[in-house]
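Participant: Dropping the sequence and predicted coords here.
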Amino acid sequence: MKTTLLLSVLFLAMLMVCCSPAANDDDPAPDETPLDGLIAFYSDRDGNSEVYTVNPDGSDLRRLTNNPADDSGPRFSPDGKRIAFSSTRDGNREVYVMNSDGSNPVRLTNSPVDELPGCWSADGSKILYSVFSASNWSASNIFMMNADGTEKRQLTDSPGNNAACSWRSNGTILFYSSRDGLYQIYIMSEDGGNQQKLKVSAVNEALPYYSPDGSKIVYTAILEPQTSRTEIHVMNADATGDVTLSTPGHVNEDAYWSPDGEHIVFQTSRDGNYEVYTMKSDGTNQRRLTQNPAWDGWPGWGKKD
Ligand SMILES: [Ca+2]
Ligand SMILES: [Ca+2]
Ligand SMILES: [Ca+2]
């Protein structure tokens with residue numbers, strides 16, 4: 001299920017064709033700046049997909065879920081107190097929220113189709129999530145609900161995958177969509193209106209996230225599907241000033257900002273299996289956070305509760 005999930009959302013079909021492990025391109029100059037907050041990710045190191053948290057320096061690894069079902073996709077609330085995630089523990093994929101220590105998981109959706117959490121509103125009162133077509137993981141639309149699961153409503157109604165990633169405090173929702181064929185980055189207002197392509201690209205681009213101050217966007221560009229090459233880019237919020245942060249030759253994807261906007265967490269295949277890395281927001285000082293032969297990825301980064 002984990003693979004099926006990512007096939008759709010992260011193009012894992014391309015990523016499973018593992019590229020040749022490249023030399024580790026850690027910045028040789030160590031950065032001793034302490035990193036704030038808490039990183040959440042999911043891993044199958046304990047036999048099935050579970051959600052974990054770890055300090056950005058790699059200390060205090062904790063498993064938050066303990067369930068034979070798939071638990072994945074952690075997304076911190078803006079205050080860092082809660083984590084939205086998806087789980088199949090009740091028979092199919094639903095959106096849940098738990099405290100950031102793993103306590104008190106609550107199911108927010110209850111449907112026969114699959115749901116995935118996307119992002120929280122800046123005030124933490126609402127959650128955007130994706131609802132997949134019953135039999136088609138390549139088709140999804142974006143819904144909104146209150147953070148207690150009430151008042152669900154649909155924001156997009158387009159073909160292909162539509163998935164929300166980030167909700168700026170001014171009300172702009174950042175999402176990606178394959179409605180026109182390629183995955184491209186879009187924006188819309190918080191009522192679902194004024195949906196427009198933010199950046200026109202000749203390649204697939206997905207998983208865009210606003211920096212905490214809303215001035216920048218980090219996203220994943222899928223450059224060469226045949227060779228499983230994905231790269232992490234940062235650009236200004238108006239799509240100008242695009243720069244590549246990762247080193248070519250392997251999979252670098254699913255990037256997410258630290259709460260202070262100074263660092264980025266991401267997943268990469270550069271070591272032969274998927275690991276979570278951090279780097280400074282200019283791409284320097286890339287450091288491995290996880291080290292386990294199992295799959296580790298889909299990181300989020302929240303404030304420390
Ligand atoms: Ca599990
Ligand atoms: Ca469901
Ligand atoms: Ca790993």
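Facilitator: Good, I have the coordinates. All values derive from a computational prediction rather than experimental measurement. Ligands and ions are numbered 1, 2, ... in the order given.
Participant: Name the SS class of Ile185, please.
Facilitator: Under the three-state scheme (DSSP: H, G, I helix; E, B strand; the rest coil), the conformation of Ile185 reads as strand.
Participant: So what touches the one helix or strand Ile232 maps to?
Facilitator: Take DSSP states H and E as the rule and Ile232 turns out to sit in strand 229-236. Taking CB atoms under 8 Å, 6 or more residues apart in numbering as the criterion, the residues outside strand 229-236 that touch it are 11, 14-15, 19, 199, 205, 215-223, 241-246, 248-253, 255, 264, 266, 281, 283. All C-beta atoms are positioned from the backbone trio N, CA, C, and that covers glycine.
Participant: Which SSE is immediately downstream of that strand?
Facilitator: Read in the C-terminal direction, the helix or strand following strand 229-236 is strand 243-244, with elements assigned using DSSP H and E.
Participant: tell me what that next one is packed against?
Facilitator: Using 3 or more CB pairs under 8 Å, 6 or more residues apart in numbering; DSSP states H and E as the contact definition, the elements that strand 243-244 packs against are strand 229-236.
Participant: Where does the protein get nearest to ligand 2, which residue?
Facilitator: With CB to the ion as the measure, Ser111 is the residue of the chain nearest to ligand 2, at 4.0 Å.
Participant: Hmm, that residue is touching Glu94, no?
Facilitator: Yes. In this structure Ser111 lies within contact range of Glu94 using CB atoms under 8 Å: 7.3 Å.
Participant: Between the two, which has more neighbouring residues?
Facilitator: Neighbours per residue, other CB atoms under 10 Å: of Ser111 and Glu94, the larger number sits with Glu94, 23 against 14.
Participant: The more buried one and ligand 3, how far apart?
Facilitator: Glu94 sits 26 Å away from ligand 3, taking CB to the ion, to the nearest Å as the criterion.
Participant: wait, isn't that residue in contact with Val106?
Facilitator: No. Counting by CB under 8 Å, Glu94 does not reach Val106; the two are 10.5 Å apart.
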